[in-house]
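Novice: next comes the sequence, and after it the predicted model I'd like to discuss.
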Amino acid sequence: MKKLRILLVFMLVISALVFSNTGELDRSKTLIYTGGIWSPPSSWNPIVPWNAVAGTNGLVYEPLFEYDPIAGEIRPWLAESGEWVTKNVYRITLRDGVKWADGVEFTSKDVVYTFNLAKDNALYFSNIWDYTEKIEALGKRTVLVTFKENPRYVAWNNSITDVTIVPEHIWSKMTIDQILVAANRDPIGTGPYKVSRVTQDRLVWERLDDWWGNNVFGQPAPQHIVARIVFSNNVILGSIMKGELDFANNFIPGIPTIKDRFGVKTYYDNAPYMISWNTAMLFLNTNRKPLDDVNFRRAIAFAINQQTIVNRVYENMVAPSNPTGLVGTNWMEYYDEKVVEEYGFKFDPSEARRMLNRAGYIDRTGDGWRNAPDGSNIDLTIIVPNGWTDWMESIRSISEDLRAVGIKATPQFPDTSLYEDRMYTGNFDMLINTYGSTISFSPYTYWSWVGNERIDGERATTGNFGRYNDPELFQAIRDFAYLQPEDAKAYELASFIQKRLLQEMPSIPIWHNGLWMQMTEEYWTNWPSEDNPTGLACGWAGVWNKGTIRALIELKPAK
C-alpha cells in the first residue's frame with residue numbers, strides 16, 4: 001500500500017509539470033484531452049484523412065449525415081433530408097443557411113464537387129463510382145444521385161456519413177496533384193471550430209461562435225479544445241486523478257482501481273466500463289502449413305481463453321468477443337444465434353486436443369510439442385507492434401494457451417511499420433489486428449474486411465490478411481452490399497456469411513476492443529454515459545462526427 005501511495009504521488013507530480021501550461025486560455029472554458037493525436041500536427045487535408053490530424057473531419061469539415069453508433073441511426077447533418085425517389089435515384093436536400101467559415105454560402109455545388117473529385121482520381125471514396133452514374137446539383141439546396149442498375153445501398157449509407165464536404169470555391173483552384181499533398185494549414189470548413197495554435201506537443205482549436213449549427217443543434221460548450229500529445233500512461237493517469245485532463249482516449253491500466261476514489265467517469269459504471277468499438281481478430285495465414293488446414297485453425301479457436309485476456313490484460317475494461325465478431329447495434333441485428341450454437345466455438349482445451357488428435361497433429365518425438373501429420377515440426381509465431389503493450393500481453397496469453405494444447409507459437413514484436421509490411425505482404429503466421437472492424441452502419445464493412453479478394457500484387461491492404469480464398473463467401477458479401485437493411489434476403493446472406501466464417505475460421509475474433517473514454521468533472525460535467533447517451537467523448541480520427549460534437553454541445557461547465 002505504501003508503494004502504491006508513493007507511485008500515485010509521483011504520477012501526480014509529473015502530470016502537474018506536463019499539464020500545467022495552458023497559456024492564456026481560460027481553463028473554465030477550455031477542454032483538454034489526450035489520445036487523439038500522436039505526432040506534431042502537420043496536415044488538415046480531409047481528402048487524405050489518414051494523414052490529417054484528428055478533428056479535421058468533424059470539427060472543421062462535416063458530412064451530409066451523422067451516424068450515431070450507440071443508437072444505430074443515421075441523422076441529417078449538413079443535409080436536411082435524404083430519400084430514395086426511385087430504386088436508383090437518391091435525393092439530398094441541404095439545410096438552408098449553412099455557410100463556410102469564410103462567410104461563403106454552402107450549396108449543392110460543393111457536394112457535387114466533392115464527390116466528383118473521386119470520380120477521376122483515386123481517392124479513399126472513389127469506390128462510390130463503381131455503382132454511381134451521376135451526381136448533379138438541382139438549384140442551391142438539392143443534390144440528385146443517380147445510380148447504375150443495382151445501387152449498393154450499404155456502401156452509399158457509409159459514404160454519406162463518412163465523406164466530409166470541401167468548399168468548391170477554394171479547392172477547385174488547385175490541381176489534383178496539389179490537393180493530394182496540400183497541408184491545408186488554415187482549413188476552411190462548415191464546422192464549429194478552427195485551428196488556433198499549433199506546437200510540437202499540442203493543437204488548440206477555437207470555437208466559431210457564428211457556426212450555422214448553433215440554431216439547429218446548439219452551441220458546443222468549450223471555447224477552446226486542446227489536444228495534447230502524451231505518451232506516458234503514468235502522466236495521463238496522474239492528470240486524470242488530479243482533474244487536470246478532461247478526458248483521455250488512451251488505454252490506461254488501473255482505471256477500474258482508481259476511478260471511484262478519484263471521481264473518474266467511464267461510459268459504463270461497471271465492467272466492461274468501455275463501449276465495445278471494434279473486434280480484435282487473430283488472423284491466420286491460410287497459405288502456410290499447418291494453418292492451411294481448417295481443422296488446425298478451428299482447434300486454435302477452442303484453445304484460446306478470451307476471458308484471461310479480458311481479466312488479466314484489460315482489467316475487465318473490454319468484453320470477450322462473441323464467435324462471429326459482430327459488435328454494435330446495427331451489426332447485432334444480423335447475429336444468428338442458431339448458426340453460432342451449431343458452428344461457434346468457446347474455450348475448451350480438451351476439445352482442442354481432441355480435434356488436433358483426430359486431424360493427426362500429435363507429439364511424435366516426445367518433446368511436448370505436436371507435429372504435423374507428415375511428422376514435420378510446428379513452429380509458429382504471433383506478431384503485434386512493439387510498444388502496443390495491451391496487444392503484446394494478449395499474444396503472450398494466447399501463446400500460453402496454445403502451449404497448453406501442445407502448439408508452439410512464439411510472440412514477436414516488430415516495430416509498427418515492419419508489422420504492417422509483414423501483414424500486408426503475408427509474411428507472418430498469426431497476428432492481431434482491428435483496423436477494419438470498427439462498428440459502422442452495416443456489418444458489410446466488417447465482412448468485406450475479413451473476407452475479400454482485393455489483393456494488389458503481393459499486398460493485401462484492405463483486410464483478409466491471411467489470404468483465405470473463398471469465391472462463394474466473397475460473392476455473398478458483395479451481394480449483401482446491394483440490399484436494403486430490412487430486406488429479408490440480407491438476413492439470409494448474413495446467416496450464410498457467419499456460418500461460412502465459423503466453419504472455415506480464416507480469422508478468430510478474440511475480444512471487443514474498447515472505445516477508451518476516461519472523463520473527469522473538475523471543469524466539465526454532463527459527460528456521455530449509459531444513463532446519459534448524449535454522444536461520445538472521443539477525439540480519435542473518424543469519431544468526432546459520430547457523436548463527439550453532440551457531446552460537446554451537451555457539456556456543462558462545472559463552475
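Specialist: The structure has been received and is ready for your questions. Residues are numbered from 1 along each chain as shown.
Novice: neighbours of the nearest residue in space to residue 167 that is not next to it in sequence, just the number please.
Specialist: In space, and not counting its chain neighbours, residue 167 is closest to residue 100: 5.1 Å by CB to CB, 6 or more residues apart in numbering. Any C-beta I mention is one placed from the backbone N, CA and C, and that applies to glycine too. By the criterion of other CB atoms under 10 Å, residue 100 has 20 neighbours.
Novice: ok, now residue 437?
Specialist: For residue 437, the count of nearby residues is 27 (other CB under 10 Å).
Novice: hmm, back to that, OK, contacts around the residue nearest to residue 167?
Specialist: Contact analysis of residue 100 by CB atoms under 8 Å, 6 or more residues apart in numbering lists 106, 167, 169, 188-190.
Novice: how about it, phi and psi?
Specialist: In terms of degrees, to the nearest 10, the main-chain angles of residue 100 are phi -70, psi 160.
Novice: who wins on neighbours among the contacts of residue 100?
Specialist: Result: residue 189 is most packed of the contacts of residue 100 (other CB under 10 Å), 26 neighbours.
Novice: measure that one to residue 176 for me?
Specialist: From residue 189 over to residue 176 the distance is 20 Å, taken as CB to CB, to the nearest Å.
Novice: please apply the same query to residue 156.
Specialist: Distance, residue 156 to residue 176, using CB to CB: 24 Å.
Novice: those two: which is more packed in?
Specialist: residue 156 (19 against 13).
Novice: just confirm that one contacts residue 90, I think it does.
Specialist: Yes - Residue 156 lies in contact with residue 90 (CB atoms under 8 Å); the separation is 7.0 Å.
Novice: list residues touching both of those two?
Specialist: Shared contacts of residue 156 and residue 90 (CB under 8 Å, 6+ apart): 145, 147.
Novice: check what pLDDT the residue nearest to residue 167 gets.
Specialist: Note on residue 100: pLDDT of 98.
Novice: what's the spacing between stretch 351-362 and its chain's center?
Specialist: Counting by CA atoms, centre = their mean, to the nearest Å, stretch 351-362 is centred 36 Å from the centre of its parent chain.
Novice: then stretch 407-421?
Specialist: When C-alpha coordinates are averaged (CA atoms, centre = their mean), stretch 407-421 and its chain have centres 21 Å apart.
Novice: so what touches it?
Specialist: Residues from elsewhere that reach stretch 407-421 (CB under 8 Å, 6+ apart): 300, 303, 356, 369-370, 377-388, 392, 395-396, 398-399, 402-403, 422, 427, 429-431.
Novice: low-confidence stretches in the protein?
Specialist: Low-confidence segments of the chain (pLDDT under 70): 1-23, 456-457.
Novice: domain map for it?
Specialist: Following automatic domain parsing, one finds the domains of the chain at 2-38+191-273+518-557, 65-171, 275-514.
Novice: who wins for proximity to residue 182 among those domains?
Specialist: Among the domains of the chain, the nearest to residue 182 by CB to CB is domain 65-171 (8.7 Å).
Novice: need the distance between the two termini of that closest one.
Specialist: Counting by CA to CA, to the nearest Å, you get 22 Å between the two ends of domain 65-171.
Novice: and the helices in the stretch 251-400 of the chain, which stretches?
Specialist: In the stretch 251-400 of the chain, the helices defined using DSSP state H, counting those that start in this stretch lie at 255-258, 294-303, 306-308, 329-332, 337-343, 349-358, 389-404.
Novice: same list (these) but as CSV, adding distance to residue 205 and mean neighbour count.
Specialist: Below are the helices of the stretch 251-400 of the chain laid out as CSV (distance: least, CB to CB, whole Å; neighbours: other CB atoms under 10 Å):
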stretch, distance to residue 205, mean neighbour count
helix 255-258, 26, 16
helix 294-303, 44, 22
helix 306-308, 39, 18
helix 329-332, 29, 18
helix 337-343, 44, 14
helix 349-358, 51, 16
helix 389-404, 29, 20
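Novice: output those helices in JSON lines; the columns should cover distance to residue 534.
Specialist: JSON lines is the format used below for these (distance: least, CB to CB, whole Å):
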{"stretch": "helix 255-258", "distance to residue 534": "21"}
{"stretch": "helix 294-303", "distance to residue 534": "38"}
{"stretch": "helix 306-308", "distance to residue 534": "31"}
{"stretch": "helix 329-332", "distance to residue 534": "16"}
{"stretch": "helix 337-343", "distance to residue 534": "32"}
{"stretch": "helix 349-358", "distance to residue 534": "44"}
{"stretch": "helix 389-404", "distance to residue 534": "28"}
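Novice: residue 499: which of these is closest?
Specialist: Nearest to residue 499, of all the helices of the stretch 251-400 of the chain, is helix 337-343, at 4.8 Å by CB to CB.
Novice: other SSEs contacting the closest one?
Specialist: Using 3 or more CB pairs under 8 Å, 6 or more residues apart in numbering; DSSP states H and E, the elements in contact with helix 337-343 are helix 488-504.
Novice: and the helix it packs on, what does it pack onto?
Specialist: helix 294-303, helix 337-343, helix 444-450, helix 471-480.
Novice: can you give me the distance of residue 319 to residue 126?
Specialist: Counting by CB to CB - residue 319 and residue 126 are separated by 35 Å.
Novice: neighbour-wise, which of the two wins?
Specialist: Neighbours were counted for residue 319 and for residue 126 using other CB under 10 Å; residue 319 has more, 21 against 14.
Novice: mind listing what that one touches?
Specialist: Counting by CB under 8 Å, 6+ apart, residue 319 touches 272, 276, 310, 511-512.
Novice: which residues does it bridge with?
Specialist: On the basis of DSSP bridges, residue 319 is bridged to residue 512.
Novice: residue 67 is nearest to which of the helices of the stretch 251-400 of the chain?
Specialist: helix 329-332 (9.0 Å).
Novice: doesn't residue 446 make contact with residue 463?
Specialist: No - with contact defined as CB under 8 Å, residue 463 does not count as touching residue 446 (9.1 Å).
Novice: what's the overlap in contacts for these two?
Specialist: residue 436.
Novice: of the two, give the one with the bigger neighbour count.
Specialist: Neighbours per residue (other CB under 10 Å) separate residue 463 from residue 446, with residue 446 holding more: 27 against 23.
Novice: ok, now how distant is the closest residue to that one other than its chain neighbours from residue 391?
Specialist: Leaving aside its chain neighbours, residue 446 sits nearest to residue 437 (5.4 Å; criterion: CB to CB, 6+ apart). Per CB to CB, residue 437 is found 14 Å from residue 391.
Novice: cool, residue 296 as well?
Specialist: Distance, residue 296 to residue 391, by CB to CB: 23 Å.
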